[in-house]
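Trainee: 3D model of this:
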Amino acid sequence: MPHGPAVVVSLSELDLRIIGLVSDQRVVTSTQLELLLADVPGRTLRYRIEHLHRTGLLGRSRPYRERGSAPYHLWPSRRADTLARGAPAPRGGERAEPNPLFLAHAAGVTELYALLATQTPGVRLARFVREPREPFTAEGRSRTLAPDALVELHDNGQGLGLLAFVELDLGTMSHARLKVKAGAYAAYAAQAAWTERYDFCPCLLFITTTEARAVAFLKTLAALLQRAGGRGGFYDNRAVNVSWFAAGACAMARESHRALNEPCWDDLTLSGGGLCLLDCLRAARTPYDAARAEEDAAQRASEAERERLRSDPDAWRALLHEHRLYARSEHFEQFGTTVCVQLSCCSRLRGRWSRSSARRLRLLLASSTPTHWRAGSHRSPCPRLPRTGRRSRGWSTPTGRASASAWHSSPNATAPGRSCAATKSNWRRTG
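Mentor: Presented below is the predicted three-dimensional model:
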């Protein structure tokens, strides 16, 4: 790359497109650039690349290849990086030519981006982020997951969004390093750290050079996931969290187009391969879709229950008696003193309802769902699922749920948050 004092150059719109693309992807080959800028004639593109190289905005080199000639590998200068970001001019010298191993790896990741954006049928590329940082805490220690890329795709066949972490291995990482990476993903899955950013856990796509390395990585990852999922206690959801994690591996690091279009993937079950890329990506989304369907079914059942109670006040009074909801004064406080007293009185009435009692209950039922005043149930590890109603104060925590369960199972037990004397007095009035 030419060095020396900075010069003022005139940049065309095409020059800015090239600089922005190379700056975003870090390393782009001339072949990949022609694929991504298919609307630009190849001769024009080569001329503009030569111009940007002479002005010191792009660096380039041609790595050794056993057969034929390798394409130019392009990387941005510091000036080009600041130009693409709109930052002030950099100080200091220009960066040196990157290591050949770095160039090969970075160009391999860019190859995936170029193919996903232009030549992968059935999906549409929505987002491609290189080396995202995923900080999380595991075993009281701060950790960071750093995949080579985060890919977000749109499944044209099912109309769904798909997510994936990509790890590209060109055979240069040691087995110890691969085990460290697998351990980081196992801890990430066990802690459900993905819930802070995504609806479901992105699928891990491990692309390497040989079948032996792919199978060895999957075996190591499966063992670490099983160990991480078994460390939790009785109230820990690690086993559930790990079940939401999916991974696939293939040996097509040198032939990325085959990895994206052929059934060459294997998953954690090690069933012998034969899976397509979409099979792996859809498997990662399946637990989320199942949990969401369950939530939607519960929501519909809850709405039907509310409509039934609104049309039949006697059924509502039976629900109050059945679950002893008249004793939960702490919950009824949120509806105001008048409604609280009315509910307490209506639950003890015998015979027909008065019009005012029925009217107040219908107003209450219009803004709440009685089925959610009971003890909370087990939560799925996906926090972005649609909630089916508000939880009452003091009953959504594990301690509150345990107290509620014990109270329902023992009719002679004292209600949470109430004195024994107050409870006995209440029983005597309703006896």
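
Trainee: three-state assignment of Thr120?
Mentor: When classified by DSSP: H, G, I helix; E, B strand; the rest coil, Thr120 comes out as coil.

Trainee: so what's it up against?
Mentor: Contacts here follow CB atoms under 8 Å, 6 or more residues apart in numbering; on that basis Thr120 touches Leu260, Asn261, Leu277. (Glycine included, C-beta is placed from N, CA and C.)

Trainee: pull the contacting residues for Ala189.
Mentor: Cys201, Leu225, Ala228, Asn241, Val242, Trp244, Phe245.

Trainee: residues near the fourth one, how many?
Mentor: Spelled out, that is Asn241. 25 (other CB atoms under 10 Å).

Trainee: so that it lines up with my notes, have the first residue be 755 from now on.
Mentor: Got it, first residue is 755 now, which makes that one Asn995.

Trainee: let me know whether it touches Gly983 as I believe.
Mentor: Yes. Asn995 is within contact range of Gly983, at 7.4 Å (criterion: CB atoms under 8 Å).

Trainee: any common contacting residues for the two?
Mentor: By CB under 8 Å, 6+ apart, the residues touching both Asn995 and Gly983 are Ala944.

Trainee: what's in contact with the one helix or strand Val969 maps to?
Mentor: When elements are assigned from DSSP states H and E, Val969 belongs to helix 965-983. Contacts made with helix 965-983 from outside it, assessed by CB under 8 Å, 6+ apart, are listed as 923, 925, 929, 932-933, 936-937, 939-941, 943-944, 958, 960, 962, 992-993, 995-997, 999, 1001, 1003-1005, 1020-1022, 1024.

Trainee: these in strands, which ones?
Mentor: Judged by DSSP state E, the subset of these located in strands is Leu958, Phe960, Ala1001, Ala1003, Cys1004, Asp1020, Asp1021.

Trainee: do you know the pLDDT at the second one?
Mentor: Right, the one you point to is Phe960. Note on Phe960: pLDDT of 98.

Trainee: contacts only, for it.
Mentor: Glu921, Asp923, Ala968, Phe971, Leu972, Ala1001, Gly1002, Ala1003, Cys1004.

Trainee: cool, and the first one?
Mentor: The contact partners of Leu958, by CB under 8 Å, 6+ apart, come to Pro901, Ala918, Phe919, Glu921, Tyr939, Leu975, Phe999, Ala1000, Ala1001, Gly1002.

Trainee: the fifth one and Leu899 touch, don't they?
Mentor: Yes. Judged on CB under 8 Å, Tyr939 makes contact with Leu899 at a distance of 6.9 Å.

Trainee: the longest helix that the chain contains packs against which elements?
Mentor: The residue-count maximum for a helix in the chain (DSSP state H) belongs to helix 1031-1065. Counting contacts by 3 or more CB pairs under 8 Å, 6 or more residues apart in numbering; DSSP states H and E, helix 1031-1065 is packed against strand 903-909, strand 914-922, strand 957-961, strand 1001-1004, helix 1010-1015, strand 1020-1021, helix 1067-1077, helix 1109-1120.

Trainee: try it again with 7 Å
Mentor: strand 914-922, strand 957-961, helix 1067-1077, helix 1109-1120 (3 or more CB pairs under 7 Å, 6 or more residues apart in numbering; DSSP states H and E).

Trainee: where in the stretch 955-1104 of the chain is pLDDT low?
Mentor: 985-990, 1067, 1071, 1073-1104 (pLDDT under 70).

Trainee: got the domain ranges for this protein?
Mentor: Per the record, the chain has its domains at 755-850, 874-1065, 1069-1154, by automatic domain parsing.
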